[in-house]
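Student: need coordinates for the below:
(chains A and B)
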Protein chains: 2
Amino acid sequence: MPRSGQPLPLFGFFRRFLGQDRAFRQAIATVIGRTPDNVRLYHLAFTHSSVVRQQPEQGRHQSNERLEFLGDAILGSVVAEYLFRKYPYEQEGFLTETRSRIVNRESLNALALKIGLDKLVQLDPTQTRASRSRSVNGNALEALVGAVYLDHGYKAARKFVLNRLIKPYVDVKALATTTSNFKSKLIEWAQRQGKNLRYDIEGQPQIGGTMEFSATVLIDEEPVATGMGLSKKQAEQTAAERALAVLGV
Amino acid sequence: MPRSGQPLPLFGFFRRFLGQDRAFRQAIATVIGRTPDNVRLYHLAFTHSSVVRQQPEQGRHQSNERLEFLGDAILGSVVAEYLFRKYPYEQEGFLTETRSRIVNRESLNALALKIGLDKLVQLDPTQTRASRSRSVNGNALEALVGAVYLDHGYKAARKFVLNRLIKPYVDVKALATTTSNFKSKLIEWAQRQGKNLRYDIEGQPQIGGTMEFSATVLIDEEPVATGMGLSKKQAEQTAAERALAVLGV
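Tutor: Next up, the predicted model:
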C-alpha cells in the first residue's frame, strides 16, 4: 500500500550531500510531490510552538499553529468533496461521520508518521520523546496542507491530500462501512435477544450556534452507554458503538 | 452597505418576462455574480428536505443536505484563509473563534435573508411560515456555496463568499473585537471589585478524536457561568461572555 514515500532515509542522504536547505527542499518535494516555491512556509509548518517559546523575541505567530488552522479547513473541504462524489446516495450524516473518521487526531497522526513527517518536525530540543505530545505530527500534517495551499493553491493542496494521503494510506471503504454499522448491529442484537431498544437524545446549544447532542442507549429502559456528537445521528452512532462494547457484542 | 443585490423584486420581474427557468437562472446570476452552468445544482441547493419527503420516489439525496455539507466545508476554508491573511499576528484561538462568529447559524441566516435566498428556497408548501425552521435559509446559503464550488471551482466559490457575502455584509472587525474582549473585560471588572477570578476547565473526548471543553467562571470561588467550546480558550470566552451577562457588567 505505501508508495515510494519514505522521505526519512532520503532526507538523511540529501542532507549529507546537499546541505541542510536543499535537503529540506528535497524532502518536501518528496512528501508533497512538487517542488516548494516558498520554502519559508514549509519551515513554518514544521515549527512546533515549543521551539518558538524558547525564543521569546519571536511571536507565537511564528509557530505552525496558524497554518494548522488553515490546513485543517482545507483538508476538511477536500475530504468533504471526495466523499460527496464517492458516495452520491449517502446522506449528510454519513458524510459527516465518515469524514470525522478520516481526519480525526489519531488518523492524522498515523498518516503523518507514514509519510515521515516526524523527522521534519522541529521541537524544543529539551523535550524528551516521551513528553512529545501525541498530536504533534498530525498537527504538522494539517499545517503542511495549509502551506501547500498558500504556496500552490487549492488544486495543488487537493491533489496532495488525495494522491499522497487519502488514496495511498486511508481505507475509506472500511471506515465508511464501520460508520453505518453500529446502529444496525445493535438493532439486530436487540431483536435476537427480544429486548426493547431506544435512544434518549439531549441537545445542548454550542457557541457558534451549533448544537451538540448526547444520545443514551436504553435497553429495556436501562441506560447502557452514552455518546456525544454534533448531530443526533452522530451521537447515536457513538452511543451504539459504545453499547456494543459494553454488551460484548 | 448592501450592494445591488436585491434578487427578490428582480426575480418576480424576470419570472413574468422570461418564464420560470430563465428567471431562476437570472436570479442565481444576480446572487452569485456569475451565470450558472449547471442549473440543476442550484435547484438542488434550494430544495429543502421537506419537499423531497413529499415525493417518496425521490431519495433524500435529492435535497440540499449533501450540498450543505460540502458548502459548509468550502465556506469554512474561505473564511479561514480570509482571517489568516487579515490577521497575521493573531493566534489560532482567535482565528477559530472569529470564524465561528462569522459562520454560525444565526449569522448565516441573516446573510441568506440579506441576499434574498428566502424567496428561492423550496419548502413543503403545506408548511406554514411559522413552522419554517429558522436555519432553512442559512442551510440553503451553505448549499449554494457548495453548488458554486461544483459548478465553477474553488476560486469562484471563494470570490462569491468574499465579494458577495463577507465584504458587503459582515462587519468582521466588530466581530473580531468582541472575540478578544470578554475575558479581558471580566478580568478588569474583577480587579475593580477586588474579587478573585478563575476558570475551572473540564475536557470531554469527542468522537473524531477531538475534545470538547467546558469552562466555569468562579468569582471568589462561586461558580457564576459555564461555557462550552472546542478549545479551552473558546470555552473560557463563552463562559466569560455569559458571566458578564449574569453579573450585569
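Student: kindly report the domain assignment for chain A.
Tutor: A:7-170, A:181-247 (automatic domain parsing).
Student: among those, which is the most enclosed?
Tutor: Stretch with highest mean neighbour count among the domains of chain A: domain A:7-170 (a mean of 19; mean count of other CB atoms under 10 Å in any protein chain shown). Any C-beta I mention is one placed from the backbone N, CA and C, and that applies to glycine too.
Student: now residue A:37. Nearest residue, chain neighbours left out?
Tutor: residue A:151 (5.4 Å; CB to CB, 6 or more residues apart in numbering or on different chains).
Student: need the contact list for that neighbour.
Tutor: By CB atoms under 8 Å, 6 or more residues apart in numbering or on different chains, the contact set of residue A:151 is A:36, A:37, A:38, A:41, A:42.
Student: now the first one: which helix or strand?
Tutor: Spelled out, it's residue A:36. Assigned by DSSP states H and E, residue A:36 falls within no helix or strand.
Student: wait, it sits on residue A:27?
Tutor: No: if you go by CB atoms under 8 Å, residue A:36 and residue A:27 don't touch, sitting 9.9 Å apart.
Student: identify the farthest-apart pair in the contacts of residue A:151.
Tutor: Distances among these were taken as CB to CB; the most separated pair is A:37 and A:42, at 10.0 Å.
Student: and which of the contacts of residue A:151 is nearest residue B:66?
Tutor: residue A:41 (33.3 Å).
Student: the host helix or strand of that closest one packs against which elements?
Tutor: If you go by DSSP H and E, residue A:41 is part of helix A:39-45. Applying 3 or more CB pairs under 8 Å, 6 or more residues apart in numbering or on different chains; DSSP states H and E, one finds that helix A:39-45 contacts helix A:20-32, helix A:65-86, helix A:136-152.
Student: make TSV out of the ones you listed and add mean pLDDT.
Tutor: Shown next, in TSV, are these (pLDDT from 0 to 100):
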stretch	mean pLDDT
helix A:20-32	91
helix A:65-86	97
helix A:136-152	96
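Student: nearest to residue A:176, out of these?
Tutor: Closest to residue A:176 of these is helix A:65-86 (CB to CB; 8.0 Å).
Student: chain center to that closest one: distance?
Tutor: 9 Å (CA atoms, centre = their mean, to the nearest Å).
Student: enumerate every residue touching the nearest residue in space to residue A:197 that is not next to it in sequence.
Tutor: Nearest residue to residue A:197, sequence neighbours excluded (CB to CB, 6+ apart): residue A:190, at 3.9 Å. By CB under 8 Å, 6+ apart, residue A:190 lies in contact with A:196, A:197, A:219.
Student: what about residue A:190, is that helix, strand or coil?
Tutor: Using DSSP: H, G, I helix; E, B strand; the rest coil, the structure places residue A:190 in helix.
Student: so where's chain A uncertain?
Tutor: For chain A, applying pLDDT under 70 flags the ranges A:1-19, A:52-61, A:123-134, A:179-180, A:206-210.
Student: gap between the residue of it positioned farthest from its centre and chain B?
Tutor: In chain A, the residue that sits farthest from the middle, by CA atoms, centre = their mean, is residue A:194; the gap is 39.1 Å. To chain B, residue A:194 is 30 Å away according to CB to the nearest CB, to the nearest Å.
Student: tell me, what residue is most central in chain A?
Tutor: residue A:103 (2.6 Å).
Student: test my guess that that residue contacts residue A:78.
Tutor: No: look at residue A:103 against residue A:78 with CB under 8 Å: they stay out of range, at 9.6 Å.
Student: residue B:137: which of the domains of chain A is closest?
Tutor: Nearest of the domains of chain A (CB to CB): domain A:181-247, 13.2 Å.
Student: ends of that closest one, what's the gap?
Tutor: 16 Å (CA to CA, to the nearest Å).
Student: so how far is that domain off the chain centroid?
Tutor: Relative to the centre of its chain, domain A:181-247 is centred 24 Å away, using CA atoms, centre = their mean.
Student: how close does residue A:192 sit to residue A:247?
Tutor: Applying CB to CB, to the nearest Å, the value for residue A:192 to residue A:247 is 12 Å.
Student: with residue A:83 instead?
Tutor: 30 Å.
Student: now do residue A:146
Tutor: Counting by CB to CB - residue A:146 and residue A:247 are separated by 42 Å.
Student: residue A:77 now?
Tutor: For residue A:77 relative to residue A:247 (CB to CB), the value is 38 Å.
Student: contact partners for residue A:160?
Tutor: For residue A:160, counting by CB under 8 Å, 6+ apart, the contacting residues are A:32, A:33, A:34, A:145, A:148.
Student: which one of these sits closest to residue A:226?
Tutor: residue A:145 (33.3 Å).
Student: once you drop chain neighbours, what's closest to the closest one?
Tutor: Spatial nearest neighbour of residue A:145, chain neighbours left out: residue A:71 (3.6 Å); criterion: CB to CB, 6+ apart.
Student: what does residue A:107 give?
Tutor: Nearest to residue A:107 is residue A:101, by CB to CB, 6+ apart, at 6.9 Å.
Student: ok so that neighbour is a strand residue?
Tutor: No: according to three-state DSSP, the state of residue A:101 is helix, so it is not within a strand.
Student: for residue A:199, pull up the helix or strand it's in.
Tutor: Secondary structure (DSSP H and E) places residue A:199 in strand A:197-205.
Student: so after that strand, what's the next helix or strand?
Tutor: strand A:211-219.
Student: that following strand close to chain B?
Tutor: Yes: judged by CB under 8 Å from any CB of the partner chain, strand A:211-219 comes into contact with chain B through residue A:212.
Student: C-terminal to that strand, what's the next element?
Tutor: That would be, after strand A:211-219 and using DSSP H and E, strand A:222-229.
Student: which other helices and strands contact that next one?
Tutor: On a contact count with 3+ CB pairs under 8 Å, 6+ apart, strand A:222-229 meets strand A:211-219, helix A:232-247.
Student: for the ones you listed, give me JSON lines that also has distance to residue B:225.
Tutor: Formatted as JSON lines, the helices and strands packed on strand A:222-229 follow (distance: least, CB to CB, whole Å):
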{"stretch": "strand A:211-219", "distance to residue B:225": "18"}
{"stretch": "helix A:232-247", "distance to residue B:225": "25"}
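Student: of these, which approaches residue A:168 most closely?
Tutor: Closest among the helices and strands packed on strand A:222-229, using CB to CB: helix A:232-247, at 27.1 Å.
Student: can the closest one be found next to chain B?
Tutor: Yes: applying CB under 8 Å from any CB, one finds helix A:232-247 touching chain B at A:234, A:237, A:238.
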